[in-house]
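Participant: Here you go, sequence then predicted model.
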Amino acid sequence: MVGAIPLPALVRRYPGLVMAFNPSCLGRRYSAPAQVVDREHHRSYARAVYGGEWDPERPLACYASVYLLWPIVPLLFSDPEVGLDLPRLLHGEQDFWFDRSVQFGEELVPTGEVTRAEERRGMVFLELTCHGSDPNGAVIAHSRSLFLVRGGSA
Amino acid sequence: MSGSERLDHFPPPEGSPGPALEERLTQERIDAYAEASGDHNPIHLDPDFARAVGLPSTIAHGLLTMGAATAQLERWAESLAYVAKVTCRFSAPVPSGDVVTGHPLVIRSAPGLAQVEMEVLNGAGERALTKAEAELRGL
C-alpha cells in the first residue's frame, strides 16, 4: 500500500502503471509523427506558463516539451522493454537547446533515445534524449530529460 | 505574471538582474498547463492519487515551473534575443497554490550572448529549481 489508496486500486485506475525496470533498455529508440509548431495552440500554452495575456513573437523555449518531448514520452513510459514504475517516477532534470530560433508554422519530426539506464543504490536513473528535425532532416531542437524512479525496480 | 520589464539592450552586463519572478501556480493554472502540454500525469491533477504516492496535494508540473521562469526571461528579451538553451534540476515540488519566486541574475555576458542563472523557490522557501540557467542569443 502506498499512502491512502492501496496500490492495486491505483493500478486498476491507471492500467500499465507498474512494470519491472529493464536496464538493458539503453539505446532504445522512438519516433513520432511530424509536429507543427502551431501558433494557436501555443497561445493557450503561453497563457498557462506566463499567467497572463501575451502572444510571443516566437515559440517559447519550453514549448519544446509539447512538440518534441511529449510526443516521445508516452512511447517510453508504455514500453514494456523499459518497464517504468510510474507512481514512483520523478522528473529529475530537463534541458532544451536549439541550433537556431524555432518559428511558428515549422514542422519538426521528433525522435528519442534512451541514453542512460541504470539502477544504483535503489534508484533507477533513466535519461531520454530527443531531437527535432525539419523536413530536410536538419536537426534544430534538442531535449534531455532525466527521470528517476524511487525504490528501484518494481 | 510578474511584471512588464523589457530589456533595452543586448547583451545585458554581467551581474545585472533579470526580471523578478513571483507567480501563484493555482490548480486552475496547473489544469490549463496539463491541457496545453498534454501532460496529464495524475500527480498534478488527481488529489487522491497525489496523496496515495505520498504528496500533501497535487503539485505543479516541473515543466510548468521551468516554463514560467523561462517565459519571464523570454518576455524580457523578446525583441533582442531568444533562449538558445535552458537547463534545470527539479529539486523540490511546488504544491498547487504555491507562489514561486525567483531573482534571475546575468552571470556571463559576451557579444551576442548572455547566460542567466534563474533559481526558483517554492512557497516554503525551498529551492524548486536548481542548476537552472538560460542562455540567451542575440537575434
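Facilitator: Structure's in. What do you need?
Participant: ok, residue 57 - contacts?
Facilitator: Since no chain was named, I'll use chain A. If a contact means CB atoms under 8 Å, 6 or more residues apart in numbering or on different chains, then residue A:57 has B:78-79 as its contacts. Every C-beta, even on glycine, is put in place using the N, C-alpha and C of the backbone.
Participant: Wait, chain B was what I had in mind.
Facilitator: Taking CB under 8 Å, 6+ apart as the contact definition, residue B:57 lies against B:47, B:50-51, B:95-97.
Participant: how near is residue A:103 to chain B?
Facilitator: Between residue A:103 and chain B the distance, using CB to the nearest CB, to the nearest Å, works out to 10 Å.
Participant: burial count for the residue nearest to that residue when sequence neighbours are not counted?
Facilitator: Excluding the flanking residues, the one nearest residue A:103 by CB to CB, 6 or more residues apart in numbering or on different chains is residue A:58, at 6.6 Å. By the other CB atoms under 10 Å in any protein chain shown criterion, the neighbourhood of residue A:58 contains 17 residues.
Participant: From what I see, residue B:86 and residue B:63 are in contact.
Facilitator: No: contact between residue B:86 and residue B:63 fails when scored by CB atoms under 8 Å: they sit 10.7 Å apart.
Participant: Please tell me how far the closest residue to residue A:67 other than its chain neighbours sits from chain B.
Facilitator: Spatial nearest neighbour of residue A:67, chain neighbours left out: residue A:35 (4.0 Å); criterion: CB to CB, 6+ apart. Remark: distance between residue A:35 and chain B (CB to the nearest CB) = 11 Å.
Participant: Just confirm residue B:68 is within a helix.
Facilitator: Yes: under the criterion used here (DSSP: H, G, I helix; E, B strand; the rest coil), residue B:68 sits inside a helix.
Participant: That one against residue B:100, yeah?
Facilitator: Yes: using CB under 8 Å, residue B:68 is in contact with residue B:100, at 6.7 Å.
Participant: Show me which helix or strand of chain A is least confident by mean pLDDT.
Facilitator: Within chain A, judged by mean pLDDT, DSSP states H and E, the helix or strand with the poorest mean is helix A:7-13; its value is a mean of 52.
Participant: which residues are in contact with both of residue B:86 and residue B:63?
Facilitator: Taking CB under 8 Å, 6+ apart as the contact rule, the neighbours common to residue B:86 and residue B:63 are residue A:62.
Participant: Residue B:127 - how many residues pack around it?
Facilitator: Applying the criterion other CB under 10 Å, we find 15 residues in the vicinity of residue B:127.
Participant: now swap in residue B:92 and tell me
Facilitator: Other residues within reach of residue B:92 by the criterion other CB under 10 Å amount to 17.
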